[in-house]
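K.L.:
Coordinates for the following, if possible.
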Amino acid sequence: MLRWLARRRFAVASCLVATSLSLSGCDTLRSAVGDPGEAARKPPPARAPARPIQPAAPVAPPLQPPPPLTETIEPVAPETVKVALVLPLSGRLANLGRAMSDAAQMAMFDLADRRLELQPMDDKGTPAGSADAARQAAADGTQLIIGPLLAASVRAVAPVSTAAGIPVVAFSSDRNVAAPGVYIVGFTPDAEVERVVSYAVRGGLTRFGVLAPDNLYGTTVVDALRRAAAANGASVTRVQLYDATTQDFAPVVRKLANLPDPAAAAAAAAVPPTGSPTALPPSTLPPPAVPTLPQPRPPFDALLLAEGGAQLRAMAAAATVAGVGPPAVQLLGTGKWDEPGVGTEPALVGAWFAGPPPSGRDEFESRFKRVFGQAAPRLATLAYDATALAAVLGRGPQAQPFSEAALTDPNGFFGRDGLFRLNADGTAERRLAILRVERTGVAVIDEPPRSFAAGS
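P.N.:
Numbering: from 1, shown residues only. Below you'll find the predicted structure:
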């Protein structure tokens, strides 16, 4: 659950880390912040009557009139704080959109006060639908838009929201759609790759290979790996892209490691060279002993697999068979590994990837299943955290609770997916853990930093 880290919101943060569903936890938050309407109901303090000016003595200069009194009038917080939740509630992504909407309602129940109004809006999973929803939100006086989900939809919303002066907190992980006032909170591969590479280098691994799909995601991962390796004094020695629909990864792995095709090598060995003498009958003597040659050293110490699901399992198994997997090579992953059952492939047991610590998500997922009767999709926590952020900021007495200064607090926020903060350029920073794959799940082997302070 989300925690506001600024000192003046210490009591708010106490409520955020509470795991109880009861509203009494949020009463603590309310008592600390105060009823936003209380200041409006209190009469202004009575002003003391001015002291009468006595006639001046004949020898004294005349008294000057006192300076005019000035009074600073603070803007009054609005009676209603309107937030639009733009998600695909119909179309091919409707199941995911509805589950994320349910997660947002959980955050409202946990943290919102009576002033916050969350209006779910269906974008139909299309850019045009998202733009229509943004225009309707602007017409309704919305102060913050949460969503949409897809990068193309964020691009469609941005001109509308910018013209209306409404900040956007979107679920996309594409850094290319981030901009001032358009924040993304999705999990970006750049941060995941940088974290796992820096950890691997600290462990003595300095040569990296990568298998990635030949698409935007794959090239983003490869570029991030090159930057992270250079920043940590390491090198990328092998890069192999493959068609995103690939199912048989044996040829792909052999090409990565520059290994011969065993079938072609066997066929070539079965054909005697031209002009060779006629083969003699097999001898009854035992064949001469053949010395065992040492296996060549793999061309990398660590191999990054930018894939998930069945393709990830097939890829890891093929790498192990080819001798460029465990135990000779440490396998590394991205956020695509963050899924149930990743440890069912023996080749992946012991592999590392970076991601949010699972402890903050376990209670949420258990409660979501109990309330809604189904498992929470992986992205549900993003909807919870974004709505919780809106709920906490919306409690304040300020007239503009979602200003740039409020949204980009340098101390960050603590949510179900760990510590994060929004930057002025629209990107998000996250503090990630290093997770090791085990047969029954994942284990944290390196805790995430607990703040954004330098050196933490």
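K.L.:
And the helices in the stretch 251-400 of the chain?
P.N.:
Along the stretch 251-400 of the chain, the segments classed as helices by DSSP state H, counting those that start in this stretch run 262-270, 309-321, 359-372, 380-393.
K.L.:
so the last one versus helix 359-372, what angle?
P.N.:
Read that as helix 380-393. 100 degrees (axes from the mean of the first three to the mean of the last three C-alpha atoms, to 10 degrees).
K.L.:
Could you export the helices of the stretch 251-400 of the chain as TSV, including mean pLDDT, mean neighbour count and distance to residue 419?
P.N.:
For the C-beta atoms, the positions are set from N, CA and C on the backbone; glycine is no exception. Shown next, in TSV, are the helices of the stretch 251-400 of the chain (pLDDT from 0 to 100; neighbours: other C-beta atoms under 10 Å; distance: least, C-beta to C-beta, whole Å):
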stretch	mean pLDDT	mean neighbour count	distance to residue 419
helix 262-270	49	9	48
helix 309-321	96	20	27
helix 359-372	94	15	10
helix 380-393	97	27	11
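K.L.:
can you tell me which of these comes nearest to residue 234?
P.N.:
With distances scored as C-beta to C-beta, the stretch of the helices of the stretch 251-400 of the chain nearest to residue 234 is helix 309-321 (19.4 Å).
K.L.:
I would like the residues contacting that closest one, please.
P.N.:
Counting by C-beta atoms under 8 Å, 6 or more residues apart in numbering, helix 309-321 makes contact with 211, 246-250, 252-253, 303, 305, 307, 325-326, 329, 331, 333, 336-337, 339, 342, 344-345, 347-348, 351, all of which sit outside it.
K.L.:
ok so, going back, which one of the helices of the stretch 251-400 of the chain lies nearest to residue 84?
P.N.:
Going by C-beta to C-beta, the one of those nearest residue 84 is helix 380-393, 10.1 Å.
K.L.:
How is the protein partitioned into domains?
P.N.:
3-32+77-187+358-425, 188-260+296-355+432-456 (automatic domain parsing).
K.L.:
where among those is the average confidence lowest?
P.N.:
Of all the domains of the chain, mean pLDDT reaches its minimum on domain 3-32+77-187+358-425 (a mean of 87).
K.L.:
what about the helices in the stretch 101-250 of the chain?
P.N.:
127-139, 151-164, 189-202, 216-231, 250-257.
K.L.:
Does anything pack onto the third one? Which helices or strands?
P.N.:
This points to helix 189-202. Here helix 189-202 touches helix 216-231, strand 302-305, strand 330-333, strand 352-355, strand 433-438, going by 3 or more C-beta pairs under 8 Å, 6 or more residues apart in numbering; DSSP states H and E.
K.L.:
ok, back up a step: mind checking which of the helices of the stretch 251-400 of the chain is nearest residue 443?
P.N.:
So among the helices of the stretch 251-400 of the chain, helix 359-372 is nearest, using C-beta to C-beta, at 11.2 Å.
K.L.:
quick one: that closest one to strand 433-438, angle?
P.N.:
On the basis of the same axes, to 10 degrees, helix 359-372 is oriented at 70 degrees to strand 433-438.
K.L.:
Stretch 319-331: end-to-end distance?
P.N.:
9 Å (C-alpha to C-alpha, to the nearest Å).
K.L.:
List the buried residues of it.
P.N.:
Residues of stretch 319-331 classed as buried: 319-320, 322, 324-326, 329-331 (neighbour count, 16 or more other C-beta atoms under 10 Å).
K.L.:
again with stretch 141-156
P.N.:
For stretch 141-156, a neighbour-count test (16+ other C-beta under 10 Å) marks 142-156 as buried.
K.L.:
same thing with stretch 102-120?
P.N.:
Of all the residues in stretch 102-120, those buried under the rule 16+ other C-beta under 10 Å are 102-108, 110-113, 115-118, 120.
K.L.:
before we move on, what about stretch 192-210?
P.N.:
192-201, 205-210.
K.L.:
Quick check: residue 330 vs residue 303, distance?
P.N.:
7 Å (C-beta to C-beta, to the nearest Å).
K.L.:
quick one, what contacts the closest residue to residue 218 other than its chain neighbours?
P.N.:
In space, and not counting its chain neighbours, residue 218 is closest to residue 212: 3.5 Å by C-beta to C-beta, 6 or more residues apart in numbering. Neighbouring residues of residue 212 by C-beta under 8 Å, 6+ apart: 218-219, 221-222, 239-242, 304, 306-307.
K.L.:
next one: residue 429
P.N.:
If you count contacts by C-beta under 8 Å, 6+ apart, residue 429 has them with 191, 412, 420-421, 423, 452.
K.L.:
Give the ChimeraX command for selecting the buried subset of the residues you listed.
P.N.:
Buried subset of those, written as a ChimeraX selection, criterion 16+ other C-beta under 10 Å:
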select :191,412,420,421,452
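K.L.:
Among the helices and strands packed on helix 189-202, which comes closest to residue 178?
P.N.:
helix 216-231 (13.6 Å).
K.L.:
Which phi and psi values does the most centrally placed residue in the chain adopt?
P.N.:
Nearest to the geometric centre of the chain sits residue 187, at 2.7 Å (C-alpha atoms, centre = their mean). The phi and psi values for residue 187, taken as degrees, to the nearest 10, are phi -80, psi 120.
K.L.:
so it touches residue 335, yeah?
P.N.:
Yes. Residue 187 is within contact range of residue 335, at 4.6 Å (criterion: C-beta atoms under 8 Å).
K.L.:
Need the residues touching each of those two.
P.N.:
Joint contacts of residue 187 and residue 335 (C-beta under 8 Å, 6+ apart) are residue 355.
K.L.:
Which members of the contacts of residue 212 are classed as buried?
P.N.:
Judged by 16+ other C-beta under 10 Å, buried ones among the contacts of residue 212: 218, 221-222, 239-242, 304, 306-307.
K.L.:
which of those lies closest to residue 161?
P.N.:
Nearest to residue 161 among the buried ones among the contacts of residue 212, with distances taken as C-beta to C-beta, is residue 221, at 29.4 Å.
K.L.:
For that closest one, which non-adjacent residue is closest in space?
P.N.:
Per C-beta to C-beta, 6+ apart, closest to residue 221 is residue 306, 4.2 Å.
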